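**Q** Sharing a model prediction with you, sequence too.
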Amino acid sequence: MDPSRPLLGRGALLSSSFHAAAGFLVVVLLLLTLLRFPLSISPHAVSTVSDQKLSQRICDPTSPLDCADPQLFHLMMRSAIDTFHAVHFSRFGRPVPGDPPSASCDMAWRARSDSDSPSKATTKDYRRFAIARHPVTCAYSVLSIGDYHSGPNARKPRRVATNATIAPPPPPALSRSQFAQGAYLAYLGGGDRCKPMPHYLRSLLCALTEARYLNRTLVLDLTLCLAASYAAPGTGGMPEEGKRLAFYVDVDHLHSQFAIIEGTKFWADWDKWGVQGQLGARLIEDTRLAPIKFSKARDTLIVRKFGDVEPGNYWYNVCEGEAKRVLRPLRPAIRWAPSLMHIVNNIISRMQADFDSVHTGGNVDDLSQRIQEGVDGGRQVYVAGIGVNSALVEALKAKYRVHYLDEFEDLWGTDSKWFLEMRRLNGGVPVEFDGYMREVVDREVFLKGKKKVEVLQ
């Protein structure tokens with residue numbers, strides 16, 4: 001034994017001069033110790049020790065849950081998979097304490113809603129799990145899983161929120177030599193502004209198709225005028241200038257398919273270098289002149305100028321007549337803005353993908369009967385189109401789980417991802433969720449239904 005180590009009694013440390021006495025005391029103390037703790041343990045003692053261990057395992061229902069416990073994490077994952085049969089999960093986030101932290105955990109995941117969908121994109125959800133603990137064994141059980149986006153503590157902070165009012169940076173400026181080496185096509189004037197969006201998109205596709213045929217960069221105004229029919233309520237029902245193309249169309253995808261330069265930037269450079277006569281320009285005022293007639297032109301700029309008389313001054317006329325043989329606009333070149341498709345995907349996620357859809361073209365009196373003829377009872381039904389209102393939907397709820405666009409208005413509310421992205425694109429100015437945005441989202445959700453029923457007057 002180490003002589004410097006304290007003994008089990010109250011004795012002081014012994015010096016080396018009293019070895020014999022120390023040895024005697026050690027023997028005595030060992031005997032006393034053995035007498036105080038018998039070698040055999042009585043049944044009563046066993047019961048006491050077991051009770052102590054059991055009391056240590058009893059859970060305190062008021063204590064915070066250990067949401068980081070791997071057993072609880074795996075239980076929550078299994079519960080989500082078992083509950084949402086139509087959802088195809090790709091990744092789960094780590095659970096975090098919910099509210100109250102003593103009885104809930106929040107967990108996020110990424111998933112695909114429909115295995116039959118051609119898009120493989122995933123959407124994100126985060127939900128609150130109500131957790132119970134056995135008072136004796138501490139075993140976990142999931143009591144319930146909350147609704148869509150019910151677990152905000154598992155939501156990652158939006159990085160765009162801090163700079164949501166900052167406009168995207170302008171593209172780098174071209175040097176004179178870079179500008180002069182380019183070949184450009186510009187459309188000026190015409191009657192395409194403030195027309196219905198399908199009209200505008202048809203003309204835009206024609207211009208893009210001709211520019212690609214001529215191997216030229218299209219000079220494009222990335223703002224447009226929205227027709228009065230799409231104006232948001234409270235705006236006076238007038239056409240709205242200054243709408244950005246990126247509100248509706250995936251401009252990045254357009255750039256990947258076609259050579260485009262923003263109009264304001266191009267004309268500023270042209271004023272510096274082109275108007276001095278050092279760069280060639282050709283003016284074409286006849287929309288019937290097919291591009292094959294000037295495809296060999298070496299001018300830096302070709303301008304198609306459109307007159308004031310409609311309908312002969314529409315851009316899409318360029319792709320008609322003789323030019324139709326070589327200019328074939330491809331509709332798939334236009335993709336909807338990611339911000340709008342985010343709303344579409346979230347609506348589908350909330351309906352858990354297994355739904356049918358109905359499109360109505362008016363306030364149909366016998367809508368319920370006509371839906372009943374095409375949709376099985378008990379199904380989730382998304383009703384799209386004109387004339388859909390809460391009273392019409394309520395009449396259908398006796399037999400169907402009915403949904404419609406205004407039910408999901410939080411997806412474009414002032415704290416939504418869509419709202420922040422639109423404000424960023426618009427230089428910090430808020431954007432209204434206008435009539436054409438509603439039309440795009442409504443139609444895209446309708447097209448995702450497993451069974452699609454048209455109910456028109």
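**A** Done, it's in.
**Q** For the stretch 51-200 of the chain, just list every one of the strands.
**A** Here the stretch 51-200 of the chain has its strands, by DSSP state E, counting those that start in this stretch, at 88-92, 96-97, 104-112, 123-133, 140-145, 184-189.
**Q** out of these, which comes closest to residue 412?
**A** Nearest to residue 412, of all the strands of the stretch 51-200 of the chain, is strand 123-133, at 15.8 Å by C-beta to C-beta. C-betas here are computed from N, CA, C, even on glycine.
**Q** Please identify the pairing partners of the closest one and their relative orientation?
**A** According to DSSP bridges, strand 123-133 forms sheet pairs with strand 104-112 (antiparallel), strand 140-145 (antiparallel).
**Q** how about the helices of the stretch 51-200 of the chain, start to end?
**A** All helices of the stretch 51-200 of the chain, identified by DSSP state H, counting those that start in this stretch, fall at 70-83, 176-181, 197-213.
**Q** Output the below-cut-off pLDDT ranges for the stretch 151-300 of the chain.
**A** Where the stretch 151-300 of the chain drops to pLDDT under 70, the residues are 157-172, 232-236, 277.
**Q** cool, and the stretch 351-457 of the chain?
**A** In the stretch 351-457 of the chain (pLDDT under 70), the answer is 362-366, 387, 456-457.
**Q** On the three-state scheme, residue 396 is what?
**A** Following DSSP: H, G, I helix; E, B strand; the rest coil, the label given to residue 396 is coil.
**Q** what pairs with the closest residue to it other than its chain neighbours across the strands?
**A** In space, and not counting its chain neighbours, residue 396 is closest to residue 402: 4.6 Å by C-beta to C-beta, 6 or more residues apart in numbering. With beta bridges defined as DSSP bridges, residue 402 has these partners: residue 381.
**Q** count of neighbours near residue 402?
**A** As a burial measure, residue 402 scores 22 neighbours (other C-beta atoms under 10 Å).
**Q** same check, this time on residue 442
**A** 22.
**Q** residues in contact with the host helix or strand of it?
**A** Taking DSSP states H and E as the criterion, residue 442 maps to helix 435-447. With C-beta atoms under 8 Å, 6 or more residues apart in numbering as the test, helix 435-447 has contacts from 197, 226, 229-232, 247-248, 336, 340-341, 343-344, 347-348, 357-359, 382, 384-385, 405, 412, 452.
**Q** try 7 Å
**A** By C-beta atoms under 7 Å, 6 or more residues apart in numbering, the residues outside helix 435-447 that reach it are 197, 226, 229-232, 248, 336, 340, 343-344, 347-348, 357, 359, 382, 384, 405, 452.
**Q** Of all the strands paired with strand 123-133, which one is nearest residue 434?
**A** Comparing those by C-beta to C-beta, strand 104-112 comes nearest, at 29.5 Å.
**Q** So what angle separates the directions of the closest one and helix 70-83?
**A** 50 degrees (axes from the mean of the first three to the mean of the last three C-alpha atoms, to 10 degrees).
**Q** Mind checking which of the contacts of helix 435-447 are in strands?
**A** 226, 357, 359, 382, 384, 452 (DSSP state E).
**Q** Would you reformat the helices of the stretch 51-200 of the chain as CSV and include distance to residue 374 and mean neighbour count?
**A** What follows is the helices of the stretch 51-200 of the chain, written out as CSV (distance: least, C-beta to C-beta, whole Å; neighbours: other C-beta atoms under 10 Å):
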stretch, distance to residue 374, mean neighbour count
helix 70-83, 29, 15
helix 176-181, 58, 12
helix 197-213, 27, 21
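**Q** out of these, which comes closest to residue 152?
**A** Between residue 152 and those, the shortest gap by C-beta to C-beta is with helix 70-83, which sits at 16.3 Å.
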